[in-house]
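Q: Here's a sequence, model it:
(one chain, ligands or ions: 1)
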Amino acid sequence: MPQPVPVPHGLPVDRDAGPFDPPSAITRLRGARPVSPMLFPDGHEGWLVTGYAAVRQLMADTRFSSRQDLGVVHVPYETPGMPVATEPSPQVPGLFISMDPPDHTRLRRMLTGAFTVKRMKQLEEHVVEVVERQLDEMARLTPPVDLVKEFALPVPSLVICELLGVPYADRAGFQGDSATFLERDVTLEEKMAAYGSLTSYLAELVTRKRAAPDDDLLSDVARNADVTVEELTGIAFLLLLAGHETTANMLALGTFALLEHPGQLAAVRADEALLPDAVEELVRYLSIADVFYRYATEDVELGGETITAGSTVVVSLLAANRDPERFEDPDRLDVRRKARGHLAFGHGVHQCLGQQLARVEMRAGFEALLRRFPDLALAVPAGEVRLKSDMNIYGVHELPVTWSDAREV
Ligand code: HEM
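A: Have a look, this model is predicted:
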């Protein structure tokens with residue numbers, strides 16, 4: 001039996017292979033042993049799963065519990081000061097991303113109706129308006145501007161705020177707390193302070209909604225007497241965090257990737273009908289929500305290895321989505337590829353609830369940005385763009401862009 005792979009400082013996260021590619025150590029590991037033993041920074045041994053087939057199988061198997069994972073938060077083992085977990089963690093009320101069925105099912109079921117393809121289609125016109133308004137504002141500025149600040153972050157924040165009934169005027173607080181929460185290198189205390197600040201804000205908000213429901217999603221859930229205020233707060237936290245940080249990073253990093261692949265950018269500009277495929281390919285290629293944790297509740301055979309009950313398992317969705325066993329020439333961005341079947345939105349019972357919303361936002365966002373800024377370009381050398389290797393959701397901290405002529409269309 002080969003020795004466990006020593007990973008002294010946690011998962012390799014350094015983008016040594018380029019801003020859009022997995023760390024080279026992860027790619028090597030997937031080739032050598034797609035289900036691989038791994039040492040966590042706290043010294044305990046678990047597993048790292050990088051192959052597409054194994055990741056897909058694992059995410060569909062509820063013997064792998066989600067109760068070691070706070071979803072986009074990733075507290076376990078990657079946060080200094082986090083104690084070693086030897087059994088499934090206590091559940092945080094409402095945070096169904098880190099629950100198992102039937103608790104997970106009960107809460108998720110209350111929300112699925114609000115996120116269907118049909119409901120998102122109805123929302124599309126409004127998303128287009130939000131995008132156009134934001135680009136009107138951006139066009140009035142004198143370039144260079146930061147695309148994250150002027151476009152990528154405001155659009156999904158405005159949309160999720162309106163959907164949930166969270167005042168957009170309060171964004172400085174929730175965007176700041178969310179960002180701290182997603183940082184890898186903050187202490188457990190700092191992370192928990194950001195969590196506390198955001199959840200007290202949301203607890204007050206949902207309490208008001210319970211007393212006087214309005215016309216929004218959180219009010220709809222608050223009308224259900226079976227849901228406690230603590231659960232409502234957890235739901236609000238999850239939807240608000242997952243609803244703005246993810247799409248924001250996709251819009252900014254996706255624009256960066258297109259600008260760095262002029263042939264692909266030209267293809268999308270030339271044929272608008274390519275946009276849905278291009279969005280799907282960008283989601284696969286960038287896999288911004290990369291790392292998720294699971295906990296084996298029984299001994300399970302996976303990819304020829306036996307994962308024993310009690311093991312912590314880490315999956316890399318980025319590595320899985322770049323697996324040559326599943327996608328031809330996987331490290332090439334190809335907007336004509338039919339990328340469906342990728343795992344960037346997860347798989348199984350926890351598959352992303354907001355994926356249709358994210359698709360609507362990305363299609364509207366990329367379409368309008370490329371149409372209205374025909375000569376959009378990076379305002380700094382690509383090597384100077386600050387990457388979010390320090391965050392649990394990948395992206396860019398800023399994207400300085402410039403243009404010479406913005407179209408009023
Ligand atoms: C779950 C990715 C956008 C809400 C997930 C999961 C992934 C993911 C990989 C699975 C987590 C797991 O298995 O533990 C993404 C990506 C997005 C995106 C790449 C953008 C491109 C959104 C948006 C929302 C959202 C816009 C809006 C509300 C959620 C929720 C879950 C989830 C609530 C938990 C589902 C459950 O546990 O049943 N997302 N997401 N996501 N996502 Fe997204």
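Q: If we go by neighbour counts, what in stretch 32-51 is buried?
A: Residues of stretch 32-51 classed as buried: 33-40, 46-51 (neighbour count, 16 or more other CB atoms under 10 Å). Placement of C-beta: from N, CA and C, glycine included.
Q: Please see if stretch 393-403 touches the ligand.
A: No - Stretch 393-403 is not in contact with the ligand by CB under 6 Å from any ligand atom; minimum separation 8.1 Å.
Q: who's Cys295 bridged to?
A: Wrong residue type there; residue 295 is Tyr, not Cys. In this entry, Tyr295 is beta-bridged to Ser65, Thr312, by DSSP bridges.
Q: Endpoints of stretch 285-301, how far apart?
A: One end of stretch 285-301 to the other measures 28 Å (CA to CA, to the nearest Å).
Q: For that stretch, list every residue counted as buried.
A: Using 16+ other CB under 10 Å as the test for burial, stretch 285-301 gives 285-297, 300.
Q: Then stretch 346-359?
A: 346-347, 349-350, 352-359.
Q: now what about the one helix or strand Val131 maps to, what contacts it?
A: For Val131, the element it lies in under DSSP states H and E is helix 117-139. The contact list for helix 117-139 (CB atoms under 8 Å, 6 or more residues apart in numbering) reads 113, 145, 150-151, 154-155, 158-159, 162-163, 356-357, 359-361, 364-365, 368-369, 372-373, 406, 408.
Q: partners of the next helix or strand after that helix in the sheet?
A: Downstream of helix 117-139, the next assigned helix or strand under DSSP H and E is strand 145-146. Next to strand 145-146 in the sheet, as set by DSSP bridges, lie strand 400-402 (antiparallel).
Q: quick one, what contacts the residue of the chain found nearest the ligand?
A: Distance from the ligand to each residue of the chain (CB to the nearest ligand atom) is smallest for Gly354, at 2.1 Å. For Gly354, the contacting residues are 115, 239, 242-243, 246, by CB under 8 Å, 6+ apart.
Q: Now intersect the residues you listed with the helices, please.
A: Members of the contacts of Gly354 lying in helices (criterion: DSSP state H): 239, 242-243, 246.
Q: which of those residues are close to the ligand?
A: By CB under 6 Å from any ligand atom, the members of the ones in helices among the contacts of Gly354 lying near the ligand are 239, 242-243, 246.
Q: Enumerate the residues of the stretch 201-350 of the chain near the ligand.
A: Residues of the stretch 201-350 of the chain lying near the ligand (CB under 6 Å from any ligand atom): 238-239, 242-243, 246-247, 250, 283, 288-289, 292, 317, 344-346, 350.
Q: need the helices for the stretch 251-400 of the chain, in chain order.
A: 262-270, 275-286, 317-321, 355-372 (DSSP state H, counting those that start in this stretch).
Q: How about residues contacting the third one?
A: Among residues not part of helix 317-321, those counted as contacts by CB under 8 Å, 6+ apart are 22, 26-27, 29-30, 49-52, 54-56, 284-287, 289-292, 326-327, 330, 342-344, 346, 394.
Q: what residue ranges in this structure are flagged as low confidence?
A: Low-confidence segments of the chain (pLDDT under 70): 1-10, 68-90, 406, 408-409.
Q: again, only this time at 80
A: By pLDDT under 80, the weakly predicted segments of the chain are 1-11, 40-44, 68-91, 184-189, 405-409.
Q: rewinding a little: okay, and which of the buried residues of stretch 32-51 map to strands?
A: Here DSSP state E is the test, and those give 35-39, 46-49 as lying in strands.
Q: In CSV: the residues you listed, plus distance to the ligand.
A: As requested, those are arranged in CSV below (distance: CB to the nearest ligand atom, whole Å):
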residue, distance to the ligand
Val35, 17
Ser36, 20
Pro37, 22
Met38, 18
Leu39, 23
Gly46, 16
Trp47, 16
Leu48, 16
Val49, 13
